[in-house]
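> Need coordinates for the following:
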Amino acid sequence: MKPTLLIVDDEKTTREGLRAALEDRYDVYIAEDAKAAFELLESEHFDVMLTDFKLPNEDGMKLIARAKSLSKPPICILMTAYGSEEIAVEAMKRGADDYIAKGRLQIDELEMRIARALKNQKLETENVSLRKQLDSKFGLENIIGESPAMKEIFDVVQQVAPTRATVLIEGESGTGKELIAKAVHQLSPRAKQSFVAVHCAALAPTLLESELFGHERGAFTGAHERRIGRFEQAQGGTLFLDEIGEIDATLQVKLLRFLGERTFERVGSNKTLMADVRLITATNKNLEELVKAGTFREDLFFRLRVVEINLPPLRERADDIPLLARKFLQEFAKENNKPVNDFTADALEWLMNYSWPGNVRELRTAMEHAVVLCRGEKISARDLPRQISIGAKNDGQLLQQNDLTVKEAEKQLIVRALKETNGNRTSAAKKIGMSRRTFHRKLHTYHLEGF
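So this is what the prediction gives:
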């Protein structure tokens with residue numbers, strides 16, 4: 001389809017001449033004044049509006065201002081008299097995309113200006129679309145959860161994202177710690193810069209030091225060339241260190257220095273470098289216990305935990321299981337081109353009864369398994385991985401044998417933990433593997449605040 005073009009000019013010869021010259025490449029409409037032009041703008045969508053400055057009932061700048069107020073405004077080019085540069089500059093300030101001197105109007109130049117403006121508009125539209133896709137992929141839209149615990153986490157993420165604060169994300173393996181870190185980055189002013197992730201447990205301490213800070217040629221055996229570390233790669237952006245509890249004492253000192261001074265040195269170099277990097281860390285270990293054991297520096301722990309986010313395990317947010325399961329079902333049904341769109345009642349019951357020791361990561365894998373094996377439009381219990389059926393049955397039998405509801409069993413577990421820790425809520429929460437926020441919410445739910 002041709003781009004649509006609206007020509008507004010009170011001189012009939014000018015507007016008809018422009019239409020004749022441009023109608024081969026554009027779907028051209030004409031208007032003799034601002035009133036007629038705006039009636040057309042309200043009834044049709046135009047890609048470009050070319051308007052004279054002097055019009056009978058309203059000048060071209062006011063028309064441009066009204067056109068730009070539309071939900072899908074056209075590209076606006078103002079035609080001015082020769083020598084009216086001041087008017088042209090004012091028009092650009094008010095929203096005009098370009099201007100051209102009417103006395104020197106050349107069709108070739110006009111077509112070039114229009115084509116360039118359309119190209120720029122297309123690039124801008126693509127950039128906006130790309131940004132929305134990135135937001136959908138890494139922002140909060142991609143983190144599923146309606147449970148109170150997850151809503152609280154969403155609120156914390158939105159509050160901390162615009163700041164420079166370091167964030168410590170705690171939670172069991174598979175709960176989505178890296179996804180939360182990406183959301184903090186994507187919702188921050190650093191979103192256009194790099195998000196660099198390093199899994200500290202995957203590398204030996206000497207290799208991890210080089211990975212983070214880089215090294216100079218000849219710094220150690222095998223260092224044949226200078227290497228740029230992850231801190232330099234993340235310049236202006238965010239560096240995410242997963243499994244931070246695995247780093248050794250030497251690296252802890254270097255991280256502490258960076259957090260204090262924003263400086264570091266490559267391995268084998270005495271040159272001090274600076275980096276504008278936001279640090280987000282994560283762990284599935286209890287760092288406070290590591291501090292007590294003397295294996296993790298207390299001062300570093302406090303530096304890392306400016307803001308703390310505790311991700312609950314999936315078993316503590318069972319209400320989110322159907323939401324997550326359906327999200328993964330849609331993803332893998334599309335990926336495998338299968339007409340699967342729902343769960344049978346027994347399959348959903350098994351999903352809800354299973355304890356999910358691998359958390360969201362295990363659920364995602366289970367849904368891929370189920371979609372691949374599903375023979376119809378609904379996932380049935382027989383399509384689920386064997387460990388889910390066994391685990392769900394065992395959990396159900398255990399509850400039946402003890403004649404306890406899930407809530408009663410959980411309440412008794414909390415009471416026992418409080419007794420064993422002499423009422424220390426922080427210790428009791430850690431003892432049963434529950435985040436402090438969740439633990440305090442459970443105390444309120446079961447009326448145990450005065451325990």
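
> By mean pLDDT, flag the weakest helix or strand of this protein.
helix 386-402 (a mean of 59; mean pLDDT, DSSP states H and E).

> Leu348: what's it in contact with?
By Cβ atoms under 8 Å, 6 or more residues apart in numbering, the contact set of Leu348 is 322, 325. From N, CA and C alone the C-beta is placed, and that goes for glycine too.

> residues in contact with Phe258?
Neighbouring residues of Phe258 by Cβ under 8 Å, 6+ apart: 231, 264, 275, 279.

> helices or strands up against the very next helix or strand once past the least confident helix or strand of the chain?
Using DSSP states H and E, the helix or strand that follows helix 386-402 in sequence is helix 406-420. Secondary-structure packing of helix 406-420 (3 or more Cβ pairs under 8 Å, 6 or more residues apart in numbering; DSSP states H and E): helix 386-402, helix 425-431, helix 436-445.

> and Arg15, which of the three is it?
Under DSSP: H, G, I helix; E, B strand; the rest coil, Arg15 falls in the helix class.

> which non-adjacent residue is nearest it?
Asp9 (4.3 Å; Cβ to Cβ, 6 or more residues apart in numbering).

> Now do the contacts for that neighbour.
Counting by Cβ under 8 Å, 6+ apart, Asp9 makes contact with 15, 18, 30, 32, 51-52, 55, 79.

> In strands, which of these fall?
Among the contacts of Asp9, the members found in strands (DSSP state E) are 30, 51-52, 79.

> Using CSV, lay out these together with distance to Glu368, pLDDT and neighbour count.
Shown next, in CSV, are the ones in strands among the contacts of Asp9 (distance: Cβ to Cβ, whole Å; pLDDT from 0 to 100; neighbours: other Cβ atoms under 10 Å):
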residue, distance to Glu368, pLDDT, neighbour count
Ile30, 58, 94, 19
Thr51, 56, 92, 25
Asp52, 62, 89, 22
Met79, 60, 86, 24
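
> care to break this structure down by domain?
4-131, 139-312, 315-402, 406-445 (automatic domain parsing).

> which residues in the stretch 51-200 of the chain form strands?
75-80, 98-101, 167-170, 195-199 (DSSP state E, counting those that start in this stretch).

> Need those in a markdown table (columns: distance to Lys442).
Listed next are those as a markdown table, based on distance: least, Cβ to Cβ, whole Å:
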| stretch | distance to Lys442 |
| --- | --- |
| strand 75-80 | 58 |
| strand 98-101 | 63 |
| strand 167-170 | 17 |
| strand 195-199 | 32 |
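
> wait, which of those is closest to Leu41?
Distances from Leu41 to each of these were compared using Cβ to Cβ; the minimum, 10.6 Å, belongs to strand 75-80.

> what is the mean pLDDT for stretch 111-124?
In this model, stretch 111-124 carries a mean pLDDT of 84.

> In it, which residues are buried?
Buried positions in stretch 111-124, judged by neighbour count with 16 or more other Cβ atoms under 10 Å: 113-114, 117, 121.

> What of stretch 149-168?
Quick answer for stretch 149-168 (16+ other Cβ under 10 Å): 149-150, 152-154, 156-157, 160-161, 166-168.
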